[in-house]
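S.K.: Got a predicted structure plus its sequence, pasted below:
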Amino acid sequence: MKKLTLFLCVAALGVSALSAKKTTPKAVPGNLQMGDYGYLYCHMSDRGQWTAFALSRDGLNYHDLFHGDSIFSAHEMAKIEGGTRDAYICRKFDGSGYLMVTTDMNNAATKRLGKLETWDNYGIDLLTSDDLMHWQSTSFDYRKGAEIFCDGASAKSPYKDWSTINRVWAPQIFWDADYRWPSGERGGYFIYYSMWNRAEEKYDRMYYSYADKSFTRLTMPQLLFDWGYATIDADINYLTTDGKYHMMIKKEGGKPGLFTATAPALTGPWGEPVEDDYVNFEGKKKCEGVSAFQIVGEEGWRIAYIEYSSRPRHYRICKADANMRNFSDPQDIVGVTGPQHGSFMRLTKEEYDRLEAWGNPAPRASQWNGKRVGFLGDSMTDPRYRQRNHYCDYLRDSLGIVPLVYARSGNQWHQIYDRANELIKAEGDNLDAIIIWAGTNDYFHGAPMGQFYTERDTVVNYNGKMVKRKCRDFVISDSTFCGRINKVLSMLRHRYPTKQIILMTPPHRGYANFNETNVQPDENVANGQGLYIEDYVHAIKQAGEYWSMPVIDVFTLSGLYPLEPEQRMYFAEPDGYPDRSRYDRLHPSREGHIRLGKLLQWQLLSLPAGF
């Protein structure tokens, strides 16, 4: 009886084990989802051509990393045009790292790049990272045609002439575990995006390629569908509710708007979406850049998109049901500076905390923490050209300085006087210190050096006797370099007698070619006055002596030397754009600004923030 009972128990266990094996759910198709602690919003910035991060605990209320500035150098990641737009982020299929795809496009450089239309572009960027902080990219310039695709020699091409491609927009990623490569290896990243070759098709159509596990090889694009009108900005998710693939997409033909289409397989067939259930909250205002994600614990979906007709634009998140239908309750995203087309990814606590410490580091306890500092300068300081880790941002993050930036590209010292007056008008006495970094444009434009003072004879009382002595008078003038400096410093010293005022010397200068009428030789070439950059550097050091102002000698102490090819990483465009239309070894890159910021951090720690 005991043996029979034991046999029945073992049999029952076997049946249970078999039943459990049979009912084990199959992995849900798509990108790996991990983490229930928070959310990452990875997006193109509405302020420029870069990618930014924001964090949230609940998926709706966010805060910026790096104050909404770039998480990497867009120029380094986007090797075609120098802009990373429409960022889509996800995990690697095995959880070993992270992937991102962006539209390689810089619509602020249309004329320089020789594009026919502002919104033309030529390729995409595939990025990989092990930690979400350090990224590497591979850029695909579709104008080069079959040679850039790993199966280009054998696959059927959708175009006869790739050189006329004019749009490759908004790529996204979907892990396809069932894809089989010619080698027999299984698994690939389904990359889908819109393309338009103006010479061979009438409008933007959706295409797809596959990327390998290294995320550096891409297959020849194939047409995903053509509904007879332009379609862009697709976002695909697999829904377990009906076992179908659902695509949110912007229609630019028929009834325009953001719609949902479905398909039984990733590659289709994709039928046209129904037109009675779509994102219609915005009326006639235009919307795009759709991205669907789920909040942990919710069965339904959140649908994010940009409404771009209004000024300012509105990045909204609405609700959808478990079938990605019945859209409702739109609300603006909260806490993000310059939200735009982007994507969302769930985070673990370790990932969230790591990103928070990276993007919003606690400032060093120092005399500068919380001090309001006015920065006067030229393009090196101009906020219009700032990305993440600009030296002002570095000082903000490392010392807790509150930067008040009044700078304009091309400014010489006589224009710093105007910037100083703007500072005075806007801030009044509500500042603690002023830092001035200028002089490189005075050198380039050949400002006459002049002199800080003139001398004359005078008679003075010396120990009760009237004696003849030489006397100097400071020169206040816009026509010479020394006169310009005197004009600014005398005004600031009078207006702010108790404030700390710091001067910085210009950096070394490399060759720069911004356009056909703005070509700047390197510092080994004298300017029109027969002077070199160090002549202007020495003058600023002298000014510090005359006006009792500390001088941070960037020229000597920073170690930034653009004439050395091995320092190329420290400068904005050391090798020029691929078409050689722009070349810049004058302005610091992200890494150059970090190096500069470290120098300034330690120099400022040796100086009082106020008196």
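M.R.: Received the coordinates, thanks. Numbers count the residues shown, from 1 in each chain.

S.K.: Low-confidence stretches in the stretch 451-600 of the chain?
M.R.: Applying pLDDT under 70 to the stretch 451-600 of the chain flags residues 574-582.

S.K.: what are the pairing partners of the helix or strand where residue 456 lies, and which direction each?
M.R.: Element membership of residue 456, judged by DSSP states H and E, is strand 453-462. Here strand 453-462 has these sheet partners by DSSP bridges: strand 465-474 (antiparallel).

S.K.: if we can go back for a sec, export the strand holding residue 456 to CSV, keeping only CA atoms.
M.R.: Output of strand 453-462 as CSV, limited to C-alpha atoms (Å, rounded to 0.1, in the frame of the first residue of the first chain):
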residue,chain,number,x,y,z
TYR,A,453,47.5,104.8,-19.5
THR,A,454,49.2,107.9,-20.8
GLU,A,455,51.8,109.8,-18.9
ARG,A,456,52.1,113.5,-18.3
ASP,A,457,54.1,115.8,-15.9
THR,A,458,52.5,117.2,-12.8
VAL,A,459,53.4,118.9,-9.6
VAL,A,460,52.6,117.2,-6.3
ASN,A,461,53.1,117.7,-2.6
TYR,A,462,55.9,115.4,-1.5
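
S.K.: how distant is it from the center of its chain?
M.R.: Here strand 453-462 is found 58 Å from its chain centre; the criterion is Cα atoms, centre = their mean, to the nearest Å.

S.K.: Residues contacting that strand, please?
M.R.: When contacts are defined by Cβ atoms under 8 Å, 6 or more residues apart in numbering, strand 453-462 is touched by residues 466-475. Just so you know, the C-beta spots here come from the backbone N, C-alpha and C atoms, and that holds for glycine as well.

S.K.: Looking at those residues, point me to the pair that's furthest apart.
M.R.: Using Cβ to Cβ, those reach their maximum pairwise distance at 466 and 475, which is 27.1 Å.

S.K.: Give me the more crowded residue out of these two.
M.R.: Between residue 466 and residue 475, counting by other Cβ atoms under 10 Å, residue 475 is the more crowded of the two (18 against 8).

S.K.: so that one touches residue 450, yeah?
M.R.: Yes: using Cβ atoms under 8 Å, residue 475 is in contact with residue 450, at 6.4 Å.

S.K.: shared neighbours, these two?
M.R.: Common contacts of residue 475 and residue 450 (Cβ under 8 Å, 6+ apart): 482-483.

S.K.: Run through the residues that contact residue 328.
M.R.: Applying Cβ under 8 Å, 6+ apart, the residues contacting residue 328 are 318-320.

S.K.: Most neighbours out of the residues you listed, which is it?
M.R.: residue 320 (22 neighbours).

S.K.: What distance do you get for it to residue 280?
M.R.: 13 Å (Cβ to Cβ, to the nearest Å).

S.K.: shared neighbours, these two?
M.R.: Common neighbours of residue 320 and residue 280 (criterion: Cβ under 8 Å, 6+ apart): residue 327.

S.K.: Grab the nearest non-local neighbour of residue 152.
M.R.: Once flanking residues are discounted, residue 152 sits nearest to residue 146: 3.3 Å by Cβ to Cβ, 6 or more residues apart in numbering.

S.K.: Likewise for residue 52?
M.R.: residue 45 (4.7 Å).

S.K.: what element comes up after the lowest-mean-pLDDT helix or strand in the chain heading to the C-terminus?
M.R.: Of the helices and strands making up the chain, the lowest-confidence element is helix 2-23, at a mean of 38, by mean pLDDT, DSSP states H and E. Note on helix 2-23: by DSSP H and E, the next helix or strand toward the C-terminus is strand 38-44.
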